[in-house]
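**Student:** what's the 3D shape of this:
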Amino acid sequence: MISEFLKENFSGFNYGNFIVTKIQLTLILMLLTGFAFYFAEIPVIAAVQVILSAVFFHALLIEAKKKFSSDFKYFVLVFGSMYAVIQMVWIMDLILPPENRIDAGFGLIFVLVVVAVIFSVLLKKKETEAVILSSNGKVTVIETEFDLRSFNKGGKYIVETEKKFSEGKKVNVKIHKSFFGKKIELI
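**Tutor:** Just a heads-up that it's a prediction; the model follows:
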């Protein structure tokens, strides 16, 4: 419902970016709610966590599964592990005595680091698929979808080329990332 409204009223709206932004935003709000443990009552925090969890699981298990069916298992690996760690942070504040919370916190951070290393080393790819929007033999305008494994958000890019491509053709693009940005080239 919201996505249809945004597609109709905002040119260049990318539904894949919208889904991932919703997932990331709910994770951030869950983390902040977990830290509100010191300011709010436990039933209020639990109720907010349940609502945010419902939004998170709807975005991950329904919307992301439809949109990113081929990479869905990677979405579950990355965002599911973040969700588990975020939930464990505030639950451990309820269960553990204060002197053990730091050790458990370091353990959770270690889990996130291991997942990040596994994901970035073993599962990362340096290319993604794009659609040619226009090409004149000197520059080509391409459009990519969000791709978790190549860390590429969906959008339109201008690529210098020596060859003219037909509009609507699907091509593979290589992504070179550096400290100052990224460079995209056609393969």
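**Student:** need the strands for the chain, in chain order.
**Tutor:** For the chain, the strands defined by DSSP state E cover 127-135, 139-144, 155-160, 170-178, 181-186.
**Student:** format those as TSV; extra columns: mean pLDDT.
**Tutor:** Compiled in TSV, those are given as follows (pLDDT from 0 to 100):
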stretch	mean pLDDT
strand 127-135	87
strand 139-144	87
strand 155-160	85
strand 170-178	81
strand 181-186	72
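**Student:** leaving out sequence neighbours, find the closest residue to the residue positioned nearest the centre of the chain.
**Tutor:** With distances taken as CA atoms, centre = their mean, residue 20 lies nearest the centre of the chain, 4.3 Å away. Spatial nearest neighbour of residue 20, excluding adjacent residues (CB to CB, 6 or more residues apart in numbering): residue 146 at 5.6 Å. Just so you know, the C-beta spots here come from the backbone N, C-alpha and C atoms, and that holds for glycine as well.
**Student:** quick one: the one you found and residue 136, what's the gap?
**Tutor:** 27 Å (CB to CB, to the nearest Å).
**Student:** so those two - more neighbours on which side?
**Tutor:** Between residue 146 and residue 136, residue 146 has the larger neighbour count (other CB atoms under 10 Å), namely 23 against 10.
**Student:** re earlier: figure out which of the strands of the chain is closest to residue 46.
**Tutor:** Proximity to residue 46 (CB to CB) singles out strand 155-160 among the strands of the chain, at 38.1 Å.
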